[in-house]
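Student: next comes the sequence, and after it the predicted model I'd like to discuss.
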Amino acid sequence: MGVEIERKFLVRDPSWREAATGSVRYQQGYLSRSPTSAIRVRTDGERAYLNIKSTTDGITRLEFEYPIPLADAEALLARVALRPLIVKTRHFVDFAGRRWEIDVFEAENAGLVVAEVELEAADAKVSLPPWVGPEVSADPRYYNSSLSERPYREWGGSG
């Protein structure tokens with residue numbers, strides 16, 4: 001059984017870009033989303049995955065991921081996935097012994113930049129980089145599945 005333990009933060013400023021070591025652009029769509037789980041298809045241009053994730057806790061979730069043929073994923077994204085799709089570029093930054101993933105969203109979620117760090121335990125200590133802002137791990141609005149239902153650009157000034 002797969003378990004994902006991660007904390008999620010808003011990004012305060014673009015200074016993280018100086019330390020970025022690579023990036024990958026994702027397109028993903030949800031085949032199903034509910035308050036307790038989500039099933040998505042994700043492509044990175046070369047590979048594709050089917051992912052099943054629980055969404056009952058902001059930090060620790062069950063996660064299962066399986067490679068699928070790219071052509072199948074592209075068909076699912078084009079014809080089956082709920083709209084809007086999530087489009088983002090994930091950048092990688094190493095800080096204080098941990099790998100941070102900074103997601104810069106596009107399309108309906110343009111303007112949103114979120115940093116995530118995966119942990120070995122929910123109570124693991126994390127040194128926060130200076131470019132990290134408020135923690136949003138427990139705020140379901142920032143789940144990608146939620147962003148595919150109510151995109152960031154629709155939030156207006158109230159969040």
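Tutor: Yep, it's here.

Student: what about the strands in this structure?
Tutor: Ranges of strands in the chain, per DSSP state E, are 3-11, 20-33, 37-43, 48-54, 60-68, 86-95, 98-105, 113-118, 132-135.

Student: format these as a markdown table; extra columns: mean pLDDT, distance to residue 153 and mean neighbour count.
Tutor: All C-beta atoms are positioned from the backbone trio N, CA, C, and that covers glycine. Shown next, in a markdown table, are these (pLDDT from 0 to 100; distance: least, Cβ to Cβ, whole Å; neighbours: other Cβ atoms under 10 Å):
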| stretch | mean pLDDT | distance to residue 153 | mean neighbour count |
| --- | --- | --- | --- |
| strand 3-11 | 91 | 16 | 18 |
| strand 20-33 | 97 | 17 | 16 |
| strand 37-43 | 95 | 20 | 20 |
| strand 48-54 | 94 | 24 | 18 |
| strand 60-68 | 91 | 26 | 14 |
| strand 86-95 | 98 | 13 | 18 |
| strand 98-105 | 98 | 9 | 19 |
| strand 113-118 | 97 | 14 | 20 |
| strand 132-135 | 97 | 19 | 15 |
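
Student: nearest spatial neighbour of the residue nearest in space to the middle of the chain, chain-adjacent residues omitted?
Tutor: The C-alpha lying nearest the average C-alpha coordinate of the chain belongs to residue 144 (Cα atoms, centre = their mean; 5.5 Å). Spatial nearest neighbour of residue 144, excluding adjacent residues (Cβ to Cβ, 6 or more residues apart in numbering): residue 86 at 5.3 Å.

Student: I'd say that neighbour and residue 146 touch.
Tutor: No: the pair residue 86 / residue 146 is not scored as a contact, 10.3 Å apart, by Cβ atoms under 8 Å.

Student: and the gap between the nearest residue to residue 149 once chain neighbours are set aside and residue 51?
Tutor: In this structure, residue 149 finds its nearest non-sequential neighbour in residue 33, 6.5 Å apart by Cβ to Cβ, 6+ apart. Applying Cβ to Cβ, to the nearest Å, the value for residue 33 to residue 51 is 12 Å.

Student: quickly list what's touching both of these two.
Tutor: Listed as contacting both residue 33 and residue 51 by Cβ atoms under 8 Å, 6 or more residues apart in numbering are residue 39.

Student: so which bits of stretch 139-153 are buried?
Tutor: Within stretch 139-153, the residues that count as buried by 16 or more other Cβ atoms under 10 Å are 142, 143, 144, 145, 146, 147, 148, 149, 151, 152.
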